[in-house]
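# whatever this is, show me its structure:
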Amino acid sequence: MSSHEAPGVAHTASTIEFDAVTKRYPALAGGRRDAPPAVESFSARLPAGTVTVLLGSSGCGKTTLLRMVNRMVDPTEGRVLLDGEDVCERNPVSLRRSIGYVMQNAGLLPHRRVIDNITLVPRLGGVGRPAARERALELMDMLDLDSGLAQRYPHQLSGGQAQRVGVARALAADPGVLLMDEPFGAVDPLVRRELQRELIRIQADLAKTIVFVTHDVDEALVLGDEIILLSEGAHIAQRGTGAELVADPADDFVARFLGLDDSERALRLREVAGRRVVQDSAGRTLGVLDAEHDSPVPVGAGAYEAAAT
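Numbers count the residues shown, from 1 in each chain. This next block holds a predicted model:
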């Protein structure tokens with residue numbers, strides 16, 4: 001079996017559609033009865049096989065939207081459709097087993113070994129132990145996890161290893177949809193960049209429909225085929241590719257959120273040893289310009305505006 005094939009039922013990438021969804025939570029004792037909804041009349045269609053980043057500050061509704069897809073949260077109004085089918089008409093258990101889910105702290109079962117964490121969903125779906133184990137080891141290899149870690153428990157892993165195991169578990173049943181709720185937010189910056197690169201590599205190979213939640217602008221620009229920037233109540237402040245948001249912010253809120261109102265975000269080009277080097281306003285080198293394609297080749301975390309000197 002190749003690393004592209006999973007035992008059991010494989011799920012093709014799905015189109016996700018939010019149809020005017022609203023979520024209101026009951027007022028807490030002593031709380032405001034007129035509190036605004038967590039999500040208010042949000043509509044968007046997320047194409048199959050793409051990475052859509054829900055970007056916004058804490059409390060803007062992005063995680064609530066994510067959890068509507070696998071029915072961890074049901075909308076008060078509106079519908080969420082997977083390939084045209086309302087998820088609220090699906091059995092929530094079978095629905096969740098068909099969708100991969102990665103959270104910030106991996107969410108591994110502490111009393112189960114790594115191999116058993118990864119094989120859990122396929123085994124629950126009726127896949128035999130040998131086939132599920134083979135798939136788990138293939139995913140560990142794909143995610144640069146040494147096979148020797150298979151018998152360890154979660155507390156014996158580093159933060160980066162635990163997140164890789166979380167991604168492997170989410171992919172074990174070959175879901176068509178992968179939900180990722182700030183999955184790299186709890187690891188150090190170096191490991192975070194490594195995990196981002198690995199996700200890009202895996203997505204190029206597997207072409208899942210990925211919904212990725214983050215509040216980090218750099219992460220959104222690196223990962224998103226499309227970015228949906230949300231304000232309070234999951235109102236869409238702007239939607240588009242990273243380049244479109246950076247080049248033409250819709251308003252001051254978008255510009256401020258992306259950091260485009262900060263002079264330190266401006267980039268400059270400088271000739272060094274016959275090549276054009278991209279630097280920030282402090283003179284720190286961020287990348288070199290690809291002479292063939294006239295595009296930056298990053299060497300570190302980037303910024304967003306280019307101003308030739």
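
# only C-alpha atoms from now on, for both contacts and neighbour counts.
Noted.

# and Met140, what does it touch?
If a contact means C-alpha atoms under 8 Å, 6 or more residues apart in numbering, then Met140 has 146-147, 164-165, 168 as its contacts.

# buried among these? Need that as a selection in ChimeraX.
In ChimeraX, this line selects whichever of the contacts of Met140 come out buried by 16 or more other C-alpha atoms under 10 Å:
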select :164,165,168
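
# quick one: which of the contacts of Met140 sit in helices?
164-165, 168 (DSSP state H).

# out of those residues, who's nearest His155?
Val165 (12.2 Å; C-alpha to C-alpha).

# quick one, what contacts that closest one?
106, 114, 117-118, 140, 145.

# for Pro36, same thing?
Taking C-alpha under 8 Å, 6+ apart as the test, what Pro36 contacts is 24, 233.

# residue ranges in the stretch 101-250 of the chain under the pLDDT threshold?
Applying pLDDT under 70 to the stretch 101-250 of the chain flags no residue at all.

# what are the boundaries of the strands in it?
177-181, 209-214, 226-231, 235-240 (DSSP state E, counting those that start in this stretch).

# which helix or strand contains Leu81?
Per DSSP states H and E: Leu81 is located in strand 77-82.

# for that strand, buried residues please.
Applying 16+ other C-alpha under 10 Å to strand 77-82 flags 78-82 as buried.

# in its sheet, what does it sit against?
Strand 77-82 sits in its sheet next to strand 16-23 (antiparallel), strand 85-86 (antiparallel), going by DSSP bridges.

# any idea which residue sits dead centre in this protein?
The chain has Phe212 as the residue nearest its centroid, 2.3 Å off, counting by C-alpha atoms, centre = their mean.

# quick one: residues contacting it.
Listed by C-alpha under 8 Å, 6+ apart, the contact partners of Phe212 are 51-54, 179-182.

# a markdown table please, covering those residues and showing distance to His235.
Below are these laid out as a markdown table (distance: C-alpha to C-alpha, whole Å):
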| residue | distance to His235 |
| --- | --- |
| Val51 | 20 |
| Thr52 | 16 |
| Val53 | 14 |
| Leu54 | 11 |
| Leu179 | 20 |
| Met180 | 20 |
| Asp181 | 19 |
| Glu182 | 19 |
